[in-house]
Every structure is written in structure tokens, then in C-alpha cells.
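> Coordinates for the following, if possible.
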Amino acid sequence: MLASYSGRWLLAMLSAGVPIELLAVPASAQTESVLYSFLGGSDGVSPVATLVNVGGTLVGTTYQGGSGCTLSPGCGTVFTITPSGTKTILYNFQGGSDGTWPLSPLVSVGNTLYGTTDGGIYSGGTIYSVTLGGTESVVYPMNGTTDGTEVNGPLLNVGGTLYGLAEFGGHVNRHGEGGYGTVFSVTPAGVFNVLYTFKSAGHGWFPQGGLVAIGDKLYGAVAGGGANNDGGIFEITTAGKEKVIYSFKGGSDGAGPNGTLLNVGGTLYGTTQQGGIGSTGSEWGTVFSVTPAGAESVIYAFNGSIDGGAPNGSLIEQSGTLYGTAAAAGDPVRRCGAVFAVTPGGAETTLHDFTGAAATYTDGALPHSGLVAVGSALFGVTPEGGVVTSGGGNGTVFTVTP
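Prediction:
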């Protein structure tokens, strides 16, 4: 199992005892194939973050594994993989000031990639850069208190400055306790600034994923707080003026939004892990849209059957269709997640149901990050499953062709 990266998505697995009713559109046969199975140890363990496409080559991270680190089972890696499956380790985290356990998806700025780690010389982890030649540098070590901690989503490049969300930390009381997350900026030179600290339910708690820009405003999701304490969508300026534009009600509209929002023509699309009330009568999460003015609509409510449940990764859009992954349910026996497609009109298709990590089920398990496109093919990672070695399935890179 994974270590301590933000495991909020695992809460949905508590619903695994809900009876399965096969009411979703059946999965398309033979659409998924495993591009690479991680072997553990120096090869890497548990790819967590969404891959990034850099000139046709995919770049990603493993949360653990690698070489040169004394911590077991390793401090993580940065790797590249071609669409044909040739994998190369770009950097091995050493567990010192360079950081440990890379957490967020990488973002490309010019010829340099930027990301975050869960650990480092301080409890807040690090913001780091790595070149395609494998040179890693710490941009900023986060202190884990006022700076924030656990940057799970990608950084956003706006005019050469990077903006991000920390799920925890920020406001700390006189006992050194508390912290509901921060919005921050950092320059490639390491100039760090907290733009906003979440302190009250009305403004949201525990920001998820990363930020997205529409015009001169940034938008993100909070898993808790809002008017009904079921999370919300917020807007913030680069000067730090924040407001919640939509508060989830915890019923059919969803609850607990997560992942980075997707901007399609000025409308934002995202997912909630809970709520929705699908056709089984259960609350397995939603795909939703929301305008910057705060008008929210549920596009699809998951049933917790073969369509999956608890969607956790960010969405992508290809030719007018939204694609994503669900971390729970899926295959009616093993319930290891799914890849889905949904139109803005609400027509959902399950592209693949993951069957898990048993010796005869090597397709991967429990996807919780988003997909990336290279041409017409979609690529993603699972933190578990794949070819089983003596240590079990250590995760996969997979591809799906819609």
C-alpha cells in the first residue's frame, strides 16, 4: 500500500460493501493495455501523479522506490517513458535536502519541470525543479506550518510565476495546531509568498488539486467547508482576494470536490468523490460543471457499479468528450477502479474496469490521478497492480484508446 500521501480518496473505499447493480454502459473490450509495470526497488514503487506530455515523451514520478536513499522502500523517482514503453529514470531522490516522496504532477516551464515532494528538510516538503537532463534543484523548502503542507496538485504557470495549493497548514493557533491549507506563489528563483490562508468554513477548508486560470482569476476546489461543509469551488485573485463561488449541498449535487478543475471555453469541469445519487440510489460521486458566476450542474452521477465510483483524478477533454478515472468500484468482483468517458450531455461510457493485482490480473489497480493524451491515445498510472514480483504489484503506466 502507499505511504502517507494525501489519502482522502481512500475514504470512498469504505463504501465497498454497497451491493453492485450493473446499470452503467458496459466497458469496451480490449481498450486498455499496460505500457509498463514497475518492479519495485530501484525501478520505482507506486506512480501517483498524473503524467505530463513533454514533446511526445511522458514524464512522471514514483512516490517511493529508487536508489541512493536509506529510507525504505525508497524516496521516489522522476522517470520518462515513451509511448512505446521505453522507461528511463531521470532522477532518484536521496532523502536529504533534495526532498522525499514526490507527490504532485510535474509542470513544464520551458525546458524545466517543476513539482513538489511530501518530505524534505522541513515537514512541509519541497518545491523542486528537474531538467530533462536529470539535474534536480530545490526551489523552496516549505516549512510545514505557515507555508502549508501537502501540495498534491500541479503548480500553475502564470507569466513565469508558479501558483499552487497546499491541502493543510497555514493558519496555526498559539499551540502550534491547526491549518486548513494555503494558496501560494513561488518564482523559479525561490521567492515564496502565501496569498491566502484558509481559516473558516465559509471560505472552505482543505484545497484539492491545483489551480486553473480564467482571465485574471484563479479557480480551485476545497474538499470541506463552504456554506454546507461539503466543500466548494473558490475564486482567488493573484493579490489574494478569495471567495467561494459555489458550495456543495452534499446530496445530488455532490460533495467533496477534488482534483484540478478543467477550463473548457470558460466553463469549469470537475469531480466530487461523494454525493450524486446515481441510479443505484448510492452516492458514489459526480462529474459536474460550474461557471465563474457560480451556476453548477451535475453532468453524471456514478452508480458504484461497472462505471466506477469516487472519481479522484482531474479530467481532460478530447474532441468534446471528458475523460477521467475512478478510484473505487469498477470490476464487479475486484472493484479496483475504472477509466470513463462522459459527454457534456451526460452520456457515460466505461472504457476499462481495473481487475487488480492478483497474478492473473495485471492491468493495474486503484487509479487516482488523471489522464494525458498523446495523439489519440490516453495514458495514465495506477499506484498498485501490474506484474506481481516478490513484493507484489508496484504500479503501472497504462494506455487506453477511446
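
> and V78, what are its bridge partners?
Per DSSP bridges, the residues bridged to V78 are T61, Y91.

> what's the answer for A377, then?
Assigned bridge partners for A377, using DSSP bridges, are V374.

> just use 375 as the starting number from now, easier for me
Done: numbering now begins at 375, and the last item shifts to A751.

> Now for it: which residues touch it?
When contacts are counted by CB atoms under 8 Å, 6 or more residues apart in numbering, A751 touches P457, T773, V774, T775. C-beta: built from backbone N, CA, C; applies to glycine.

> Would you reformat those residues as JSON lines and include neighbour count, secondary structure and distance to V419?
As requested, these are exported to JSON lines (neighbours: other CB atoms under 10 Å; DSSP: H, G, I helix; E, B strand; the rest coil; distance: CB to CB, whole Å):
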{"residue": "P457", "neighbour count": "16", "secondary structure": "coil", "distance to V419": "23"}
{"residue": "T773", "neighbour count": "20", "secondary structure": "strand", "distance to V419": "21"}
{"residue": "V774", "neighbour count": "19", "secondary structure": "strand", "distance to V419": "23"}
{"residue": "T775", "neighbour count": "13", "secondary structure": "coil", "distance to V419": "27"}
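
> Export those residues as a markdown table, with columns for distance to S478 and pLDDT.
Listed next are the contacts of A751 as a markdown table, based on distance: CB to CB, whole Å; pLDDT from 0 to 100:
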| residue | distance to S478 | pLDDT |
| --- | --- | --- |
| P457 | 23 | 96 |
| T773 | 22 | 97 |
| V774 | 23 | 95 |
| T775 | 27 | 91 |
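
> of those, closest to N686?
Nearest to N686 out of the contacts of A751 is V774 (CB to CB; 16.6 Å).

> Would you confirm that the closest one contacts L752?
Yes. With contact defined as CB atoms under 8 Å, V774 and L752 form a contacting pair (4.8 Å).

> Between the two, which contacts overlap?
V713, L745.

> Could you check the pLDDT of the closest residue to G650 other than its chain neighbours?
Leaving aside its chain neighbours, G650 sits nearest to A675 (3.5 Å; criterion: CB to CB, 6 or more residues apart in numbering). Looking at A675, its pLDDT stands at 95.

> So A667 belongs to a strand, correct?
No. Checked against DSSP: H, G, I helix; E, B strand; the rest coil, A667 lies outside a strand; its state is coil.

> Can you name the residues that contact it?
Per CB under 8 Å, 6+ apart, neighbours of A667: I619.

> quick check, V672 in a helix?
No. With three-state DSSP as the criterion, V672 is assigned strand and is not in a helix.

> just to revisit the earlier point, just flag the most distant two among the contacts of A751.
Farthest pair in the contacts of A751, by CB to CB: P457 and V774, 12.5 Å.

> tell me, what's touching those two both at once?
A751, F753.

> K617: what's it in contact with?
H577, F608, E609, I610.

> G498 too?
P515, M516, N517, G518, T519, D521, G522, T523, A540, G543.

> ditto for T405
L725, H726, V774, T775, P776.

> how close does it get to V774?
T405 sits at a distance of 5 Å from V774 (criterion: CB to CB, to the nearest Å).

> Pull up the gap between the closest residue to Q438 other than its chain neighbours and G760, please.
Counting by CB to CB, 6+ apart, Q438 lies nearest to V419, which is 4.1 Å off, once chain neighbours are set aside. Separation of V419 from G760 (CB to CB): 11 Å.
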